[in-house]
Structure formats: structure tokens, C-alpha cells
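Peer 1: fold the following.
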Amino acid sequence: MTVPPYAEPLALGALTLRNRFVSAPMERNYCEPDGTMTQRYIDYLARRAEGGTALVFSEATYVRADGKGRIRQMGADVDERIPGITALAEAVHAHGALLGVELNHGGRTAQGAVSGYTPVAPSPIRCDLAGGEMPEELDSDDIEHLIECYGEAAARCQQAGVDVISLHSGHGYLIHQFLSPAYNLRQDEWADPTLFVNRVIDAVHRHAPGIALGLRISAFEGIPGGLTPELTLERMRAVDTDRLDFLDVSAGNYEAGQWIVQSGEWERGILADYAAPYREEYDFPIGVAGRINTPETAADIIGSGRADFVSLARALHADPDLPTLAIDGGRYRPCIACNYCIDSLAPGAVPCTVNPWVAREAEQPRKAAQGSAQRSAQRSARVAVVGAGPSGLGAARELALLGHSVEIYDERETPGGDFALASGLHEYPEYGRLLDWQLAELADLEVPIRTGVRVTPELFATDVPDAIVLATGGAGFAPAMAGAETRTVRDVRDFLLEKGDTPEQVTIYGADREAAAVADDLLLAGAHVVMVAPQQEIAQDVGRRAKIVLLPRLAEAENLTAHLSATVVRVEADRLLIRTEDGERWVDAPGELLISHGIEPRDALLPELRALAPRLGVYAVGDASGNGGSVQAGLVTGADAVLEITKAVELHAEAVTV
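Peer 2: Down below sits the predicted model:
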């Protein structure tokens with residue numbers, strides 16, 4: 001068999017990577033508020049090392065306290081951080097991987113509300129997207145101090161057993177700010193865009209001699225007046241690259257965040273062509289990031305010679321075993337590029353839509369080696385899962401992996417629930433991959449899915465399962481509207497379920513996540529859409545990165561008419577009476593009227609199923625539990641139910657044994 005390019009070892013300075021998969025320095029907010037390493041973070045990164053990644057980076061790690069940008073960001077600013085980093089290095093090394101730390105200072109992107117200090121920068125230019133605090137301009141003495149802080153942080157990392165240091169020189173952080181014509185407006189010696197980074201490189205070599213060292217750069221910024229691909233390449237020629245062991249190529253800055261974490265609508269491997277010139281220019285390894293979420297994309301990039309290694313963030317967040325599975329030809333849990341992770345970064349710990357065990361790796365039950373054949377009858381349960389949406393499918397898979405006997409029931413003719421409907425929309429081209437993976441996993445586990453079956457208590461009356469998981473999702477909420485009987489009114493989910501040819505005209509009442517995605521899909525298909533909504537903005541319930549491509553497209557759509565901050569008072573055949581702060585008025589509202597006002601749990605079966613008294617209980621998960629609202633919440637509640645069922649099985653088995 002031909003060895004895929006990403007399976008080949010790679011020399012990185014004096015080190016050797018066991019393959020070409022690198023876990024990128026993705027921010028996660030898993031540390032203590034003072035920047036100290038936690039066991040949760042160690043478990044997370046150790047799990048990525050266990051999954052076969054060659055080089056595991058922690059995250060952008062601040063070198064001085066005023067450069068902190070996240071409430072639980074990792075720090076290497078003082079000696080008290082060393083023991084935690086040492087424990088991390090030992091855990092990563094135990095699984096045969098190398099550990100890297102990316103050193104950083106937020107500069108203008110850091111904010112006093114997080115760090116407790118006034119931010120500093122090469123020039124006093126606000127970063128509105130990070131909070132908008134005006135930074136103080138660094139004086140020469142403070143610049144010299146910062147340079148030493150980078151070196152001292154590298155020394156701490158080296159003392160702790162870190163193998164690789166990367167200097168974050170992209171994404172709009174401090175080193176990048178010195179490099180950028182948009183943010184370095186100085187007139188003194190520090191106007192030289194590469195002086196600061198070269199001095200930092202020197203400081204790292206002085207304080208941590210012999211450590212493997214590289215830069216992460218943005219190949220371009222993506223803003224007017226910023227670094228272009230040509231200018232970045234030119235400025236890199238003035239960097240002391242002869243003192244480096246690698247470059248890792250990304251793109252964007254805070255004002256062009258779509259280039260840092262890309263939309264699922266964009267081409268996979270979108271930055272590979274921007275890495276290629278560096279691959280031609282330098283004789284050390286070049287890495288690249290950007291929408292690399294399949295082994296095929298990684299193989300194409302490395303095999304074509306555009307980069308030597310791939311930096312994966314979201315893909316390894318979704319499945320830590322991706323490297324091993326890719327090399328062995330196995331099936332991996334796909335990242336669907338929904339950007340729920342990055343949009344959750346500011347308020348707290350970063351989750352994952354598709355992986356319910358992210359940041360709780362220690363809680364994850366380990367797979368039974370041969371499924372139920374390896375478990376005694378006493379320690380396995382017979383479980384019925386009612387509902388074949390992502391939460392039901394996810395719970396069924398976890399149960400089957402642990403050796404339980406599982407059957408799934410769903411009233412629709414095809415599995416996937418409302419998520420399957422969403423996966424057909426233009427905004428969500430990767431969503432279907434999650435369902436494909438779940439169904440393939442369940443097929444291998446020989447879990448039957450009974451579609452077209454409406455579950456009633458009578459179905460189980462004569463043969464009650466040990467446990468029942470209710471995963472019936474939610475039903476669209478229908479607000480009371482006078483005159484609604486005068487025209488066709490449907491929830492957006494029912495519209496998608498029965499969707500035929502694209503209508504010429506549609507009116508949507510609501511501007512939430514579902515309404516925005518449906519409107520976008522209809523507009524791109526040529527329909528004229530009228531949107532009336534109580535929300536002040538379209539997709540207010542969606543994180544900024546998840547809608548960073550969608551909103552500009554909607555704003556430019558000529559066939560969209562939006563009436564926001566408006567409620568419907570009365571419905572007529574082709575118009576609506578709406579109320580805004582300016583009073584009431586009639587507006588044209590042609591076509592079918594679609595409603596998108598959230599959902600209510602479909603939990604009518606819950607008391608009836610509980611009345612059957614399964615010996616291990618009934619568990620509502622996902623939207624049916626009232627604690628859903630997202631695929632991530634659905635999968636997490638499903639995983640929690642699996643933990644509870646498995647614990648109940650063990651308790652029951654112990655009772656029987658006694």
C-alpha cells in the first residue's frame with residue numbers, strides 16, 4: 001500500500017515529527033483565571049497526543065499579564081506556571097508526541113476588563129472587535145522589557161520540558177501589529193516592521209538555547225491598508241529566518257476574522273496556495289492551516305508540495321483520533337465547520353458541536369473492545385432510543401460502543417431529524433457529514449433503526465426495555481396571530497420537510513438562526529423573501545464567526561425585504577399588519593407565511609414511558625429534554641444519559657451479585 005504523505009516523518013530542527021499532523025495552537029479557555037494549567041487542559045491535550053498527533057500545541061500563551069486576552073488563557077509569564085506546564089509536557093510525551101507552546105502578547109487586542117491592565121500596542125489604535133479600549137503606545141523601554149518577557153517565557157517552557165516554541169506573529173496580535181502597515185504608525189526605530197520580531201527571536205535563542213523555534217504568520221490580513229500576500233512575503237525576507245526551524249502559515253486578523261477561522265462554505269485547504277511561496281523560498285518545514293478537515297485535503301496539500309505539515313485545530317477538536325484513523329484508513333468524527341467553538345471562546349470554555357466529550361475527556365467511557373461480546377449479560381442493558389436526530393443517534397452509538405443492546409425508532413421515513421433538513425441548506429454544506437458518520441458507525445455496530453414508526457407506550461407494553469432514551473426533538477412554536485386562517489402558515493421545519501420547487505415569493509415571520517438560514521437558501525435559489533421579525537438584528541442568536549459570511553450576503557441581497565423590531569398584529573392573504581416603535585402599518589407579505597419562533601419540547605411521551613417503569617429509567621435528551629437548543633447540547637445531554645444508564649447498569653449488577 002502507498003503511504004499517504006501525511007504519514008511520513010518530518011525533521012523539525014533537531015526533532016522528528018512522527019507524522020505531518022500538528023495540533024494547532026487553538027485557544028480553549030481551560031486554564032485557571034491566573035493562567036495556570038489545569039488537569040482538564042492536560043487531559044484534553046494528552047488525548048490529542050494519544051490520538052496520533054505528532055506535535056501538540058497548547059494555545060496562544062501570554063508572556064506578560066497585560067497581553068492576556070481570554071479569561072482562562074494559558075500563561076507563561078511567571079515561574080509559578082512551570083509546574084503545570086511540566087505536568088502537561090509529561091502527559092503529552094507519555095503518548096509519543098512532542099509538545100509546543102505558542103508565545104503571544106495580545107497588544108491592542110488585549111483588554112483591561114480581562115487582563116486588569118491597560119493594553120499596550122505599537123500605535124494607539126483601538127480594536128473594536130475585542131472591546132474597543134484605546135491602547136497606550138509602547139515606549140522604547142517597555143518594548144525592550146516585552147522582548148525579554150518573550151525570552152523568559154521561552155526559558156520557563158524549556159525548563160518545563162516543552163519541545164517547540166512558536167512565536168505568534170499573525171492574527172493581529174502584538175508581533176503582527178509591528179509587522180502591519182495598518183497598525184504600526186511609529187516614526188522611531190520601531191517603525192521598522194521586522195525589528196521587534198527579530199529581537200524576540202534573538203531573546204528566545206538567548207534564554208532557551210537549542211529549543212526548536214518557529215513563527216506562526218498571517219499570509220495576509222484581509223483588510224484595506226493591511227498586509228497583502230506580496231507585502232508579507234517581502235517583509236518575511238527581512239526576518240532572521242536563518243534562526244528558525246519552521247513557519248506555520250495562517251491568515252487574517254481581528255478585523256478580518258473570517259480568515260482566521262473560516263466558514264464551512266469556503267473551500268477546504270483554502271490557504272494552501274498562500275503557503276506555497278514560503279515552501280519555495282525556505283529550506284525548513286512550512287505548515288499551513290485553514291479548512292483542513294479531511295485526510296484527503298491534507299494529502300493533497302502535502303503531496304502537491306505546498307506545505308510540509310498541516311496545522312489542525314477544529315478537526316482535532318472534533319476527533320482527537322483523526323491522525324491515527326487517517327493513517328490506518330479508519331472512520332473519523334468530522335468537524336462540520338459550524339464555528340460554535342470559536343463563538344463560545346469569549347464567555348468561557350470552548351466546547352464542540354459534534355464531540356460531547358471535549359473538555360471532559362476524563363469522563364468519557366472507553367470503548368468495549370469487541371462490543372457486547374466482551375460484556376456479561378448482567379452488565380449490559382437493552383435500551384430503546386426514541387428519535388433518530390443527532391442526539392438520539394449519538395446516544396445510541398455511545399451505548400452500543402459500551403456493549404449495550406440498542407434499537408432506534410423514528411416516525412419519519414429517514415433518520416436525521418431536523419438536522420437532516422438543515423444539512424440541505426446552502427449555509428451548512430458540512431452538516432450532512434455528521435449524520436453520515438453517525439449512521440455508518442451505527443451500521444458497523446449493528447444498531448437497527450426502525451424508521452416510519454410512531455412510538456406509543458403500547459409498543460413496549462409487553463416487552464419493556466431496561467432503559468428508554470427520549471430524543472424526539474422539538475416542535476415549532478406557533479405564536480397567536482389574528483387572521484392566520486386566511487393563508488397557508490407553516491413552521492420553517494415543516495416547510496423544509498415537504499420542500500419541493502423553490503417558490504417565487506415567501507414571507508418569514510422571525511429572524512432567528514433557522515429563519516436566517518432558510519431565507520438565505522431561498523434567496524440564493526432566486527426567491528423573493530419578506531422577513532418580519534421581533535429581533536433587532538437577523539440571526540441575533542448566532543455567534544459572530546458563524547454568521548460572518550451569511551450576514552453580508554443577506555445585506556447585499558436585492559430580493560430581501562426586512563422589517564425588524566416588528567411584531568405581527570394581523571394576517572391577511574398577501575399582507576401583514578405589523579407593529580413597531582413607530583406604530584402600526586400594513587406591509588406587503590406575499591407567498592406562504594413561514595414561522596420561525598423557536599421550538600417547544602416534544603415530550604408528551606415522557607410521562608407515558610415513565611409509567612412503563614423501565615428498571616433503569618427513562619431519559620429525555622436534546623430538545624425533548626428542554627435543555628437542548630443546539631446540536632452540541634443535544635449530544636451532551638445524550639452522552640450524559642449514557643453515563644447515567646451505564647452507572648445504573650453497574651449498580652444493578654452489583655446488587656444482583658450481592
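Peer 1: hang on, residue 388 packs against residue 452?
Peer 2: No. The pair residue 388 / residue 452 is not scored as a contact, 10.8 Å apart, by Cβ atoms under 8 Å. For every residue, glycine as well, the C-beta is placed using N, CA and C.
Peer 1: find residues that contact each of these two.
Peer 2: 410, 412 (Cβ atoms under 8 Å, 6 or more residues apart in numbering).
Peer 1: what residues of the least confident helix or strand in the chain by mean pLDDT count as buried?
Peer 2: Least confident helix or strand of the chain, by mean pLDDT, DSSP states H and E, is helix 631-657 with a mean of 87. Buried positions in helix 631-657, judged by neighbour count with 16 or more other Cβ atoms under 10 Å: 631-642, 645-646, 648-649, 652-653.
Peer 1: who's more crowded, residue 388 and residue 452?
Peer 2: residue 388 (29 against 10; other Cβ atoms under 10 Å).
Peer 1: next, the more buried one: secondary structure please.
Peer 2: Look at residue 388: counting by DSSP: H, G, I helix; E, B strand; the rest coil, its state is coil.
Peer 1: give me the pLDDT value at it.
Peer 2: We have a pLDDT of 98 for residue 388.
Peer 1: and it, how far from residue 396?
Peer 2: 8 Å (Cβ to Cβ, to the nearest Å).
Peer 1: and for those two, which residues touch both?
Peer 2: Listed as contacting both residue 388 and residue 396 by Cβ under 8 Å, 6+ apart are residue 408.
Peer 1: and the helices in the stretch 401-550 of the chain?
Peer 2: All helices of the stretch 401-550 of the chain, identified by DSSP state H, counting those that start in this stretch, fall at 417-422, 431-444, 457-460, 492-497, 513-524, 550-556.
Peer 1: can you give me the neighbour number for residue 11?
Peer 2: When neighbours are counted by other Cβ under 10 Å, residue 11 registers 12.
Peer 1: whoops, residue 609 was the one
Peer 2: Quick note: residue 609 (other Cβ under 10 Å) scores 26 neighbours.
Peer 1: just say helix, strand or coil for residue 239.
Peer 2: On the three-state scheme (three-state DSSP), residue 239 is labelled coil.
Peer 1: got the contact list for it?
Peer 2: 194, 197-198, 201, 215.
Peer 1: for those, give me JSON lines that also has distance to residue 282, secondary structure and neighbour count.
Peer 2: Shown next, in JSON lines, are the contacts of residue 239 (distance: Cβ to Cβ, whole Å; DSSP: H, G, I helix; E, B strand; the rest coil; neighbours: other Cβ atoms under 10 Å):
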{"residue": "194", "distance to residue 282": "15", "secondary structure": "coil", "neighbour count": "18"}
{"residue": "197", "distance to residue 282": "15", "secondary structure": "helix", "neighbour count": "25"}
{"residue": "198", "distance to residue 282": "16", "secondary structure": "helix", "neighbour count": "16"}
{"residue": "201", "distance to residue 282": "15", "secondary structure": "helix", "neighbour count": "26"}
{"residue": "215", "distance to residue 282": "11", "secondary structure": "strand", "neighbour count": "24"}
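Peer 1: how about these in CSV, adding distance to residue 474?
Peer 2: Supplementary listing: the contacts of residue 239 in CSV, determined by distance: Cβ to Cβ, whole Å:
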residue, distance to residue 474
194, 55
197, 51
198, 57
201, 54
215, 48
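Peer 1: would you list those residues in a markdown table and tack on distance to residue 333 and pLDDT?
Peer 2: Below are these laid out as a markdown table (distance: Cβ to Cβ, whole Å; pLDDT from 0 to 100):
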| residue | distance to residue 333 | pLDDT |
| --- | --- | --- |
| 194 | 41 | 98 |
| 197 | 37 | 98 |
| 198 | 42 | 98 |
| 201 | 38 | 98 |
| 215 | 31 | 98 |
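Peer 1: can you count the residues close to the closest residue to residue 122 other than its chain neighbours?
Peer 2: Using Cβ to Cβ, 6 or more residues apart in numbering and skipping residues adjacent in sequence, the residue nearest residue 122 is residue 184, 4.6 Å away. Other residues within reach of residue 184, judged by other Cβ under 10 Å, total 19.
Peer 1: what does residue 224 give?
Peer 2: Residue 224 is flanked by 7 other residues according to other Cβ under 10 Å.
Peer 1: returning to what we had before: closest one of the contacts of residue 239 to residue 404?
Peer 2: Set against residue 404, the nearest of those by Cβ to Cβ is residue 215 (49.2 Å).
Peer 1: and the pLDDT for the residue lying closest to residue 435 once chain neighbours are set aside?
Peer 2: Nearest-residue entry for residue 435: residue 416, 4.8 Å, with adjacent residues in sequence omitted and distances by Cβ to Cβ, 6+ apart. Per-residue pLDDT puts residue 416 at 97.
Peer 1: quick check on residue 416: phi, psi?
Peer 2: Main-chain torsions, residue 416, degrees, to the nearest 10: phi 120, psi -20.
Peer 1: in the stretch 101-250 of the chain, which spans are strands?
Peer 2: Using DSSP state E, counting those that start in this stretch, the strands of the stretch 101-250 of the chain run over residues 120-121, 136-137, 164-169, 212-218, 246-250.
Peer 1: tell me the angle the longest one makes with strand 164-169.
Peer 2: Think strand 212-218. If you take axes from the mean of the first three to the mean of the last three Cα atoms, to 10 degrees, strand 212-218 sits at 30 degrees to strand 164-169.
Peer 1: paired strands for strand 212-218, with orientation please.
Peer 2: According to DSSP bridges, strand 212-218 forms sheet pairs with strand 164-169 (parallel), strand 246-250 (parallel).
Peer 1: do the second one as well
Peer 2: Strands adjacent to strand 136-137 in the sheet, as given by DSSP bridges, are strand 120-121 (parallel).
Peer 1: how far is the strand it pairs with from where the chain is centred?
Peer 2: Computed by Cα atoms, centre = their mean, to the nearest Å, the separation of strand 120-121 from the middle of its chain amounts to 29 Å.
Peer 1: contacts for it?
Peer 2: For strand 120-121, contacts defined as Cβ under 8 Å, 6+ apart pick out 66, 107-108, 135-138, 142, 174, 177, 183.
Peer 1: and with 10 Å instead?
Peer 2: Residues outside strand 120-121 that contact it (Cβ atoms under 10 Å, 6 or more residues apart in numbering) are 64, 66-67, 105-110, 127, 134-139, 142-143, 146, 174, 177-178, 183-184.
Peer 1: just the buried ones from those, in ChimeraX syntax?
Peer 2: Of those, the buried ones go into a single ChimeraX selection, burial set by 16+ other Cβ under 10 Å:
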select :64,66,67,105,106,107,108,109,110,127,135,138,143,146,174,177,178,183,184
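Peer 1: for the residue nearest the centre of the chain, helix, strand, or coil?
Peer 2: For the chain, the residue sitting closest to the mean C-alpha position, by Cα atoms, centre = their mean, is residue 341 at 3.2 Å. Of the three states, residue 341 takes helix under three-state DSSP.
Peer 1: just give the closest residue to it, not the sequence neighbours.
Peer 2: That would be residue 350: by Cβ to Cβ, 6+ apart, it lies 5.0 Å from residue 341.
Peer 1: next one: the one you found from residue 549, what distance?
Peer 2: To residue 549, residue 350 is 21 Å away according to Cβ to Cβ.
Peer 1: for the stretch 251-400 of the chain, what spans make up the strands?
Peer 2: For the stretch 251-400 of the chain, the strands defined by DSSP E, counting those that start in this stretch occupy 286-288, 309-312, 382-386.
Peer 1: looking at those, spot the one closest to residue 52.
Peer 2: strand 309-312 (11.4 Å).
Peer 1: strands paired with that closest one, and their directions?
Peer 2: For strand 309-312, using DSSP bridges, the partner strands are strand 21-23 (parallel), strand 286-288 (parallel).
Peer 1: that's a strand at residue 568, yeah?
Peer 2: Yes. Applying three-state DSSP, one finds residue 568 inside a strand.
Peer 1: thought it was touching residue 585?
Peer 2: No. Contact criterion Cβ atoms under 10 Å: residue 568 and residue 585 do not qualify, at 11.8 Å.
Peer 1: overlap of the contact sets of these two?
Peer 2: Residues touching both residue 568 and residue 585 by Cβ under 10 Å, 6+ apart: 576-579.
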